[in-house]
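> Sequence plus predicted model, see below.
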Amino acid sequence: MKTLEVLIVDDERLARARLRRLLANQADIRITGEADGAESLREHIRKHVPHVVILDIEMQGEDGISLGHWLAELANPPAVIFLTAHREFALDAFSARAAGYLLKPVSAAQLIDALHTVQRPTRATQTTNQGAPLPMLSVLAGRRSRLVPADEILAFRAEDKGVTAFTRQGRFFVDDSLKELEARFEPAGFLRAHRAWLISRAAVRSIERDAVGHHWLEMDEVGEPVPVSRRQLSRLQASLRP
């Protein structure tokens, strides 16, 4: 069994002690150290880069988001799981290439699950072929906010009360508008199929035409045909040609 090396970063001593207690009985997780801020974090990283950094966002001095960006630029960056009491930091967190995002107070089960599912990033896997950061989506599952990378998202559907994201892990309600999502995810291969649908080009199986002349997309794992508007048809067909 591979041991996961973890560094805890929080400017509150009691918070660091609580995280240690939550992970105390995990044979496959080893806490390599603690840091109470930017200076001590950098000192730890100069000596040894762990697999995962558990990083509080709201700290005195340099905050966790800024430190997350610094960690992401390392040649061999650790995975970063952010902790915060506020969900609104999620967009900032994924801009720092977060591997996880947990809302306080975090439970042992939530923390252990996040650590067991995290993958250590590399500079290559954090970017698209064009070199731009791979966009990610913040979704809320219970009390845990998680980040879904673009390559696991199949489509977005606008509804009366918001937008549903169709992902390989299931469906999630998101707060962003379809227009905002289109601006963010278009560089990652997402296209507007209809005024109510934004789809991943990579997830499209085929374009079908029914008996009355309407066009529909058959897509991976979406579970329903996706309508194609006349306005978007030509652009969509051109983009899907090999």
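Sure, I can see it.
> Which element, helix or strand, includes the residue most central in space within the chain?
Compute the mean C-alpha point of the chain, and by C-alpha atoms, centre = their mean the closest residue is Leu147, 2.3 Å away. Counting by DSSP states H and E, the element that carries Leu147 is strand 144-149.
> What's the mean pLDDT across that strand?
Averaged across strand 144-149, pLDDT comes to 70.
> And the next helix or strand past that strand?
Scanning forward in sequence from strand 144-149 by DSSP H and E, the next helix or strand is strand 153-159.
> tell me what that next one is packed against?
strand 162-167, helix 178-185, strand 197-200 (3 or more C-beta pairs under 8 Å, 6 or more residues apart in numbering; DSSP states H and E). C-beta here means a position set from N, CA and C on the backbone, and glycine is covered the same way.
> Mind listing the strands it pairs with, and their directions?
Paired neighbours of strand 153-159 in the sheet (DSSP bridges): strand 162-167 (antiparallel), strand 197-200 (antiparallel).
> what's the domain layout of the chain?
4-126, 150-240 (automatic domain parsing).
> looking at those domains, which is buried most?
domain 4-126 (a mean of 18; mean count of other C-beta atoms under 10 Å).
> Turn the strands paired with strand 153-159 into a markdown table, columns for distance to Ala85.
Shown next, in a markdown table, are the strands paired with strand 153-159 (distance: least, C-beta to C-beta, whole Å):
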| stretch | distance to Ala85 |
| --- | --- |
| strand 162-167 | 24 |
| strand 197-200 | 31 |
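> Figure out which of the ones you listed is closest to Leu7.
strand 162-167 (29.4 Å; C-beta to C-beta).
> I'd like the distance from the closest one to the chain centre, please.
On the basis of C-alpha atoms, centre = their mean, to the nearest Å, strand 162-167 sits 14 Å off its chain's mean C-alpha point.
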